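# make a model of this:
(one chain, ligands or ions: 1)
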Amino acid sequence: MEDAKKTCLVCKKDENEIPLIVMKYKGEELRICPQHIPVLIHNPQNLVGLIEGAENFTAG
Ligand SMILES: [Zn+2]
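Predicted coordinates for the structure are as follows:
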């Protein structure tokens, strides 16, 4: 399942399909594509279930 993490956490596209931004969180790497960065910034609630602790994120 290690490869599954090398995809956008929202749309599951991998780095061969789309550029991915790597983030560090709780000692793990998360990847997200530019298309879904606005979700992370403005609608982090939408990531609940995708990122552990996302319910504690606040919108920017
Ligand atoms: Zn994506």
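# so which residues on this structure come close to the ion?
By C-beta under 5 Å from the ion, the part of the chain that sits against the ion consists of Cys8, Val10, Cys11, Cys33, His36. Just so you know, the C-beta spots here come from the backbone N, C-alpha and C atoms, and that holds for glycine as well.
# only the buried subset of those residues, as a ChimeraX command please.
The buried residues among the residues of the chain next to the ion can be selected in ChimeraX (16 or more other C-beta atoms under 10 Å) with this line:
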select :8,10,33,36
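# secondary structure, distance to Asn56 and pLDDT added to the residues of the chain next to the ion, as JSON lines?
Formatted as JSON lines, the residues of the chain next to the ion follow (DSSP: H, G, I helix; E, B strand; the rest coil; distance: C-beta to C-beta, whole Å; pLDDT from 0 to 100):
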{"residue": "Cys8", "secondary structure": "coil", "distance to Asn56": "21", "pLDDT": "96"}
{"residue": "Val10", "secondary structure": "coil", "distance to Asn56": "18", "pLDDT": "94"}
{"residue": "Cys11", "secondary structure": "coil", "distance to Asn56": "23", "pLDDT": "96"}
{"residue": "Cys33", "secondary structure": "coil", "distance to Asn56": "23", "pLDDT": "97"}
{"residue": "His36", "secondary structure": "helix", "distance to Asn56": "19", "pLDDT": "96"}
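# so which residues of this protein form strands?
Secondary structure of the chain, counting by DSSP state E: strands at 21-25, 28-32.
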